[in-house]
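Undergrad: What follows is a predicted protein model with its sequence.
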Amino acid sequence: MLMLIVAVSLLSCGQSSPDEKKEAATTDSINKPIDTARTTPVVKETAPSHSAPDEAAVNEALKTVYGNDWHVLNDQEAKWMKDAFDYFIVPKRKEDPNYPYIAKGDFNGDSKPDMAAVVTDAIKKNFRVAVVLGPDNIKLWEEDIMIDAAISAVPKSTVQGSENERPKKIKMKGDGINVEYFEKASFVLYWDRSSFKRIQTGD
């Protein structure tokens, strides 16, 4: 009889009611560490209003050539994660309020000022770099997705990197356009006589 009582007691200790199991599961999920990489909010949810000083001029040039098809990207439309925005963009924007969507330089080496901009279309699903070389002369770079890229000017110089996974050195004819995906990759767009090409500068 004593053995039977002990066996029943042990069995009852090893079982839990449905309510007890639910409570345990809830406790486990509360104590489980959060995957911050997936839950970090996108900056557009909290982005302050910001207009790049040259945004209107670039948009006017785009409208002249493309109508309402393209416009300069802004913080509310971009896909910045908050950490990248706070640590990379905000400090640089203090020096250059056009950053990260507009860069200025002589990109085709004709000694005239040009502008480059990260642009998006009316439905905000396509992203490009537009290089404004004149009132009616705009080149669209279409070979890369620009949704989370920042651009800046690179002074005319010799750039080392790779093209088609082969080391290469380019002596630029004008200023370059640095395109950077933070902590991912970077490349420089450079003018090559009649069009823009790219050289990979970082992985």
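TA: Good, I have the coordinates.
Undergrad: Which helix or strand contains the residue nearest to Asn126 when sequence neighbours are not counted?
TA: What sits nearest to Asn126 in space, not counting adjacent residues and going by C-beta to C-beta, 6 or more residues apart in numbering, is Thr120, at 6.5 Å. Glycine gets a C-beta too; all of them are placed from N, C-alpha and C. Counting by DSSP states H and E, the element that carries Thr120 is strand 114-121.
Undergrad: Against which helices or strands is that strand packed?
TA: helix 55-66, strand 70-72, strand 102-105, strand 127-134, strand 150-154 (3 or more C-beta pairs under 8 Å, 6 or more residues apart in numbering; DSSP states H and E).
Undergrad: Pipe those into JSON lines and attach mean neighbour count per row.
TA: Below are the helices and strands packed on strand 114-121 laid out as JSON lines (neighbours: other C-beta atoms under 10 Å):
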{"stretch": "helix 55-66", "mean neighbour count": "16"}
{"stretch": "strand 70-72", "mean neighbour count": "22"}
{"stretch": "strand 102-105", "mean neighbour count": "22"}
{"stretch": "strand 127-134", "mean neighbour count": "21"}
{"stretch": "strand 150-154", "mean neighbour count": "21"}
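Undergrad: And the ones you listed: which comes nearest Asp96?
TA: Set against Asp96 and scored by C-beta to C-beta, the helices and strands packed on strand 114-121 come closest in strand 150-154, at 7.4 Å.
Undergrad: Given the closest one, what are its sheet partners and their directions?
TA: Counting by DSSP bridges, the strands paired with strand 150-154 are strand 176-181 (antiparallel).
Undergrad: quick revisit: the strand holding Thr120 to strand 176-181, inter-axis angle?
TA: Angle of strand 114-121 versus strand 176-181, following axes from the mean of the first three to the mean of the last three C-alpha atoms, to 10 degrees, is 30 degrees.
Undergrad: Give the pairing partners of strand 114-121; include direction for each.
TA: strand 70-72 (antiparallel), strand 102-105 (antiparallel), strand 127-134 (antiparallel).
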